[in-house]
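Novice: A structural model of the following input is requested.
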Amino acid sequence: MLSFRNHKNLVAVCGDDRVRIVDWDLSHGFDVCILWEWRIDEVYAQLPDKYRQYLYALDECKFVDNNEKLLITASSGAVILLDIISRECLFYAYAPMAHSAELLPDGRLVVTLSTHPDGNCIQLYDMKYPEKLLYKDRLYFGHGAVWSQKRERLYAVGYSKLREYRLKKWNTSSPELERLNTWTLPINAGHDLCMVHDDLLLIPGREGVTSFLIDEKVFLPFTPLAHMGAIKSLNYNPITQSAIFTKGEVKWWTYHVYQNNPDKFIQMDDFRIYKARTANEVQ
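Specialist: Have a look, this model is predicted:
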């Protein structure tokens, strides 16, 4: 049975047609310790033929469900929940331009879309009915979503907006996400969304990272990464006090850690790294 028990700092990265789980502590530069790899074509046999054309250009992957599963999005139009041990596809939905996804209570799943013709870039699905869209909401250029179990709130970021939702009619067959608040971002563009504990959100953009204090409803520069330039994804681990992010380069996205070792990075020359999420992400 697959076990990562002896690896304390795991990172899931994706790009092109594959996902990798990497031991950060044992990696540096091009010397990358790859523990596990999965390619899109492994799931072809588990899906109807009509869906295969949408499985490419992986955009994000993140550990979920006690780090036993991966939630994967492909901007070509796929959302996949994958069991790491069995490599079985547990859920698939067709969502054009899917950018990010998040698991919600009772087997529901929200997807943010980077673009959609009518601007409805928030979409809600039930894992039991993958071909049925339960709810949609307008948020242009949806780039990230995080769920706070303690607050029982969903936060989603678009190009210029940060939005807060609560669950509505959740125990019915027609659940909704009720809008509570919408704030205008002080940065040029929101590229991702990361939750630190339950009172702080981090939002990377074209010119660095901005923090949002939820209780005070205030945006402030996240000083360590406020002027780092274009950052595509971000995960902050309050346990190790390290910020892990992907940053745009000429040929690829390099994956860096800032706080504990600001000069450490990894690069993989055989595929572009679009997103990176750690197994010990705190939400």
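
Novice: can you pull the buried residues of stretch 143-160?
Specialist: Neighbour-count burial for stretch 143-160 flags 143-148, 153-160 (criterion: 16 or more other Cβ atoms under 10 Å). Where C-beta positions appear, they are placed from N, C-alpha and C, glycine not excepted.

Novice: out of the residues you listed, who's nearest Pro48?
Specialist: Sorting the buried residues of stretch 143-160 by distance to Pro48 puts Ala145 at the head of the list, at 26.6 Å, by Cβ to Cβ.

Novice: From the buried residues of stretch 143-160, pick the one nearest Asp83.
Specialist: Nearest to Asp83 among those: Trp147, at 20.3 Å, using Cβ to Cβ.

Novice: The helix or strand encompassing that closest one packs against which elements?
Specialist: Taking DSSP states H and E as the criterion, Trp147 maps to strand 144-148. If contacts are counted by 3 or more Cβ pairs under 8 Å, 6 or more residues apart in numbering; DSSP states H and E, strand 144-148 sits against strand 98-104, strand 108-113, strand 153-157, strand 194-196.

Novice: Let me have those in a markdown table, extended by distance to Leu124 and mean pLDDT.
Specialist: Below are those laid out as a markdown table (distance: least, Cβ to Cβ, whole Å; pLDDT from 0 to 100):
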| stretch | distance to Leu124 | mean pLDDT |
| --- | --- | --- |
| strand 98-104 | 8 | 91 |
| strand 108-113 | 5 | 92 |
| strand 153-157 | 10 | 96 |
| strand 194-196 | 19 | 88 |
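
Novice: Tabulate those (a markdown table), appending distance to Lys136.
Specialist: Shown next, in a markdown table, are the helices and strands packed on strand 144-148 (distance: least, Cβ to Cβ, whole Å):
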| stretch | distance to Lys136 |
| --- | --- |
| strand 98-104 | 13 |
| strand 108-113 | 9 |
| strand 153-157 | 12 |
| strand 194-196 | 23 |
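
Novice: which one of those lies closest to Asp41?
Specialist: Asp41 sits nearest to strand 98-104 of all these, at 18.7 Å, using Cβ to Cβ.

Novice: what angle sits between the closest one and strand 108-113?
Specialist: 160 degrees (axes from the mean of the first three to the mean of the last three Cα atoms, to 10 degrees).

Novice: Strand 98-104 - contacts with which helices or strands?
Specialist: Applying 3+ Cβ pairs under 8 Å, 6+ apart, we find strand 98-104 packed against strand 58-64, strand 69-74, strand 78-83, strand 108-113, strand 144-148.

Novice: Of those, which is nearest Cys89?
Specialist: Checking the helices and strands packed on strand 98-104 against Cys89 by Cβ to Cβ gives strand 78-83 as the closest, at 5.9 Å.

Novice: Show me what the following helix or strand past the closest one is in contact with.
Specialist: Next along the chain after strand 78-83, taking DSSP H and E as the criterion, comes strand 89-94. Residues outside strand 89-94 that contact it (Cβ atoms under 8 Å, 6 or more residues apart in numbering): 43, 46-47, 51, 54, 69, 77-83, 109, 111, 125, 127, 130-131.
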